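S.K.: show me how the following folds:
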Amino acid sequence: MAHPAVDSDEESRISEGDYVVLKRGDVYKSVQIEKRKKVIFEKQWMFMDNSVGELYGSTFEVDSGGKLILRKPNNTEDPTDTKGAGLDNRHIVDDGKSQKLTRDDIESLKEQGLKGQEIIQQLIDNSTTFRDKTEFAQEKYIKKKKKKYESNITVLKPTSRILAMMYHGREPGKVCHLRYDTLAQMLTIGNIHAGSKVVVFETCAGLVLGSVMERMGGHGSVIQLYPGGGPVRAGMESFGFPSHFHNTLHEFPLCKVNALLSGTLNVSEKDLDSQSNGKSDEQGSSSQVSTDRGDESSSEPQSMEVSTDPAEAKKKEDSEKLREQKAQEKRVRMEEKRKRLAAAAALLEGQNADGLVIASRFHPCPVLLGLLKFVAPSRPFVVYCQYREPLIECYTKLREQGGAVSLRLTDSWLRHYQVLPNRTHPVLLMSGGGGYLLSGITVTADAAATSGSQQKSGEPAAKRIKLDEIKSTSDSSA
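M.R.: Residues are numbered from 1 along each chain as shown. Model (predicted):
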């Protein structure tokens with residue numbers, strides 16, 4: 001019984017090599033814990049060495065040398081002295097003369113080693129209008145100065161919600177403006193759970209892929225379809241999954257989907273080598289032509305001299321060994337790539353996936369219609385798009401050709417509320433939109449057509465039966 005407690009305690013503590021998320025206010029940044037590595041966050045540099053061994057969620061103060069100092073919970077209280085408050089702010093004039101301390105004075109206080117809380121207290125003491133402000137205005141003033149002068153950071157454990165908030169706040173274009181509430185709806189509608197087989201196609205820097213893997217907990221199979229030369233997994237790597245999570249992840253190129261469906265897919269090493277290194281061969285041939293021309297131009301003076309230097313011979317021998325080593329490493333990589341491709345193709349050939357999740361910058365209609373063939377009947381699928389019109393086209397196509405029921409096109413709306421005593425109200429600034437979701441359940445096309453024809457032919461018949469019953473009951477009563 002003691003071993004699980006130890007494991008859980010180790011998992012809740014920061015270790016070297018872990019991926020963590022730094023938080024200051026509403027700003028997040030994902031970093032990896034490495035000793036003596038300088039990290040820049042919010043225009044301030046620091047070293048993360050002292051965070052190793054501490055609990056996730058701990059708050060640290062950054063000193064002038066970039067070292068982290070753990071802040072204890074009893075030091076997080078606000079010790080500022082307000083000394084009374086006014087009734088209203090109507091007589092306060094913002095003329096820029098209320099603060100006696102200048103910028104040079106504040107810089108000198110920093111050079112003397114004063115911490116953020118002490119500088120804030122100095123600003124309060126030297127403000128001529130602070131005590132005339134209301135209590136609410138004083139709290140707002142202190143909060144604003146804390147954000148500017150206090151250098152506190154919180155180290156958090158990466159989760160799908162935190163990383164989604166980080167990407168949406170810092171680089172929303174990388175995740176197609178996917179908001180964390182929309183991501184939560186995708187995971188719920190897609191019925192992502194442990195032990196399932198899920199097909200994922202996304203161009204959101206690996207955020208959706210990592211969220212699916214986190215929800216599955218390292219059990220099941222995830223097949224990632226990717227465009228271009230290789231998958232992008234920066235967001236997924238920020239989760240810091242253990243090694244057994246990566247064993248459940250498979251990759252398959254989107255350009256080979258049609259070949260897999262038609263049965264003409266070739267996973268031989270020669271085919272992979274020719275497709276992946278076509279461009280490099282062209283570059284190599286062009287460079288070889290240029291070197292040949294250079295050799296021709298310099299062949300005449302070189303032909304007059306015969307080199308017998310042993311150093312040059314040894315250098316040539318070392319270059320040959322290095323070339324052979326690189327060729328061997330290349331063959332190993334191609335063999336591993338071939339095995340991964342074959343394993344992913346074997347999973348997709350069964351066409352029995354338990355779910356489909358799509359979130360990409362490409363038009364979703366051809367992608368959805370092609371990938372639905374890999375999903376088993378009576379399984380959910382969900383498609384995210386920043387805009388509504390492409391999903392309307394997908395909705396129309398699915399209604400025309402069948403193969404899906406319970407089609408729903410929804411949009412997500414989110415607004416934050418400030419909850420404080422006597423000041424509870426919606427936040428003035430909010431996100432304009434969280435994108436749109438198209439969801440449904442797969443069925444076999446024949447069953448969908450049969451049920452549709454039965455429904456069309458059955459409605460009038462049901463009405464006639466009801467009229468006959470009413471007529472028979474009226475005759476019997478007469």
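S.K.: rest of the way, CA atoms for contacts and neighbours
M.R.: Noted.
S.K.: all strands for the stretch 301-450 of the chain, in order.
M.R.: 355-359, 380-385, 404-411, 417-418, 425-426, 436-442 (DSSP state E, counting those that start in this stretch).
S.K.: could you pull up phi and psi at residue 29?
M.R.: The phi/psi pair for residue 29 (degrees, to the nearest 10) reads phi -150, psi 140.
S.K.: could you report the neighbour count for it?
M.R.: Per other C-alpha atoms under 10 Å, the neighbour tally for residue 29 reads 18.
S.K.: surely it is in contact with residue 41?
M.R.: Yes. At 7.3 Å, residue 29 counts as touching residue 41 under the criterion of C-alpha atoms under 8 Å.
S.K.: ok but residue 186 is inside a helix, no?
M.R.: Yes. Under DSSP: H, G, I helix; E, B strand; the rest coil, residue 186 falls within a helix.
S.K.: mind listing what it touches?
M.R.: Counting by C-alpha atoms under 8 Å, 6 or more residues apart in numbering, residue 186 touches 357, 382, 384, 437.
S.K.: indicate which one of the strands of the stretch 301-450 of the chain is closest to residue 149.
M.R.: The closest of the strands of the stretch 301-450 of the chain to residue 149 is strand 417-418. By C-alpha to C-alpha, the value is 23.6 Å.
S.K.: and the closest one, which strands flank it?
M.R.: strand 425-426 (antiparallel) (DSSP bridges).
S.K.: quick check: mean pLDDT across the partner strand?
M.R.: Per-region confidence: strand 425-426 scores 90 on mean pLDDT.
S.K.: give me the residues contacting it.
M.R.: So strand 425-426 is contacted by 415-419 (C-alpha under 8 Å, 6+ apart).
S.K.: which of the residues you listed lies closest to residue 64?
M.R.: Among the contacts of strand 425-426, and counting by C-alpha to C-alpha, the member closest to residue 64 is residue 418, at 34.1 Å.
S.K.: surely the closest one touches residue 427?
M.R.: Yes. The pair residue 418 and residue 427 passes the contact test of C-alpha under 8 Å, sitting 6.0 Å apart.
S.K.: picking up where we left off before, distance to residue 90 added to the strands of the stretch 301-450 of the chain, as TSV?
M.R.: TSV is the format used below for the strands of the stretch 301-450 of the chain (distance: least, C-alpha to C-alpha, whole Å):
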stretch	distance to residue 90
strand 355-359	51
strand 380-385	48
strand 404-411	43
strand 417-418	24
strand 425-426	22
strand 436-442	46
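S.K.: on that earlier part again, now, of the contacts of strand 425-426, which are buried?
M.R.: Burial by neighbour count, 16 or more other C-alpha atoms under 10 Å: within the contacts of strand 425-426 this picks out no residue.
S.K.: just give me the closest of those residues to residue 267.
M.R.: Out of these, the member with the shortest distance to residue 267 (by C-alpha to C-alpha) is residue 415, at 49.4 Å.
S.K.: which pLDDT value goes with residue 262?
M.R.: Reading off the model, residue 262 has pLDDT 87.
S.K.: can you tell me which residues contact it?
M.R.: Counted by C-alpha under 8 Å, 6+ apart, residue 262 has zero contacts.
S.K.: before we move on, what about residue 150?
M.R.: Contacts for residue 150 (C-alpha under 8 Å, 6+ apart) come out as 115-117.
S.K.: run through the neighbouring helices and strands of the host helix or strand of residue 21.
M.R.: Per DSSP states H and E, residue 21 falls inside strand 19-24. Helices and strands touching strand 19-24, by 3 or more C-alpha pairs under 8 Å, 6 or more residues apart in numbering; DSSP states H and E, are strand 27-32, strand 152-156.
S.K.: winner for burial among those strands?
M.R.: Most buried of the helices and strands packed on strand 19-24, by mean neighbour count (mean count of other C-alpha atoms under 10 Å): strand 152-156, with a mean of 21.
S.K.: using PDB, list the CA coordinates for whichever helix or strand comes after it.
M.R.: Where DSSP H and E defines the elements, the next helix or strand beyond strand 152-156 is helix 160-170. Extracted in PDB, the C-alpha atoms of helix 160-170 (Å, rounded to 0.1, in the frame of the first residue of the first chain):
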ATOM      1  CA  SER A 160      -4.900  20.100 -21.900                       C
ATOM      2  CA  ARG A 161      -6.800  23.000 -20.300                       C
ATOM      3  CA  ILE A 162      -3.600  24.900 -19.300                       C
ATOM      4  CA  LEU A 163      -1.900  24.300 -22.700                       C
ATOM      5  CA  ALA A 164      -5.000  25.300 -24.600                       C
ATOM      6  CA  MET A 165      -5.200  28.500 -22.600                       C
ATOM      7  CA  MET A 166      -1.500  29.100 -23.200                       C
ATOM      8  CA  TYR A 167      -1.800  28.700 -27.000                       C
ATOM      9  CA  HIS A 168      -5.000  30.600 -27.300                       C
ATOM     10  CA  GLY A 169      -3.500  33.500 -25.300                       C
ATOM     11  CA  ARG A 170      -0.100  33.700 -26.900                       C
END
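S.K.: how far is helix 160-170 from where the chain is centred?
M.R.: The chain centre lies 7 Å from the centre of helix 160-170; the measure is C-alpha atoms, centre = their mean, to the nearest Å.
S.K.: stretch 85-99 too?
M.R.: In terms of C-alpha atoms, centre = their mean, the centre of stretch 85-99 is found 45 Å from the chain centre.
S.K.: of all the residues in that stretch, which ones are buried?
M.R.: Buried residues in stretch 85-99 (16+ other C-alpha under 10 Å): none.
S.K.: okay, and for this structure, where does confidence drop off?
M.R.: 1-8, 73-84, 268-308, 446-478 (pLDDT under 70).
S.K.: for the contacts of residue 186, which single residue is the most surrounded?
M.R.: Most surrounded of these: other C-alpha under 10 Å gives residue 384, at 29 neighbours.
S.K.: so what's that one up against?
M.R.: Neighbouring residues of residue 384 by C-alpha under 8 Å, 6+ apart: 186, 358-360, 435-438.
S.K.: how about a cut-off of 10 Å?
M.R.: 176, 178, 182-183, 186, 202, 357-361, 364, 390-391, 409-411, 434-439 (C-alpha atoms under 10 Å, 6 or more residues apart in numbering).
S.K.: next one: residue 374
M.R.: By C-alpha under 10 Å, 6+ apart, the contact list for residue 374 reads 198-199, 257, 261, 347-356.
S.K.: do that again at 6 Å, thanks
M.R.: Shown in contact with residue 374 (C-alpha atoms under 6 Å, 6 or more residues apart in numbering): residue 351.
S.K.: where's residue 257 relative to residue 250, distance?
M.R.: For residue 257, the distance to residue 250 (C-alpha to C-alpha, to the nearest Å) stands at 14 Å.
S.K.: typed the wrong thing, it's residue 135
M.R.: Relative to residue 250, residue 135 is positioned 57 Å away (C-alpha to C-alpha).
S.K.: what do you get for residue 86?
M.R.: 64 Å.
S.K.: what's the nearest residue to the residue nearest in space to the middle of the chain if we skip its chain neighbours?
M.R.: In the chain, the centroid-proximal residue (C-alpha atoms, centre = their mean) is residue 207; its distance is 2.1 Å. Setting aside the residues directly before and after it, residue 207 is nearest to residue 235 in space (C-alpha to C-alpha, 6 or more residues apart in numbering), at 4.7 Å.
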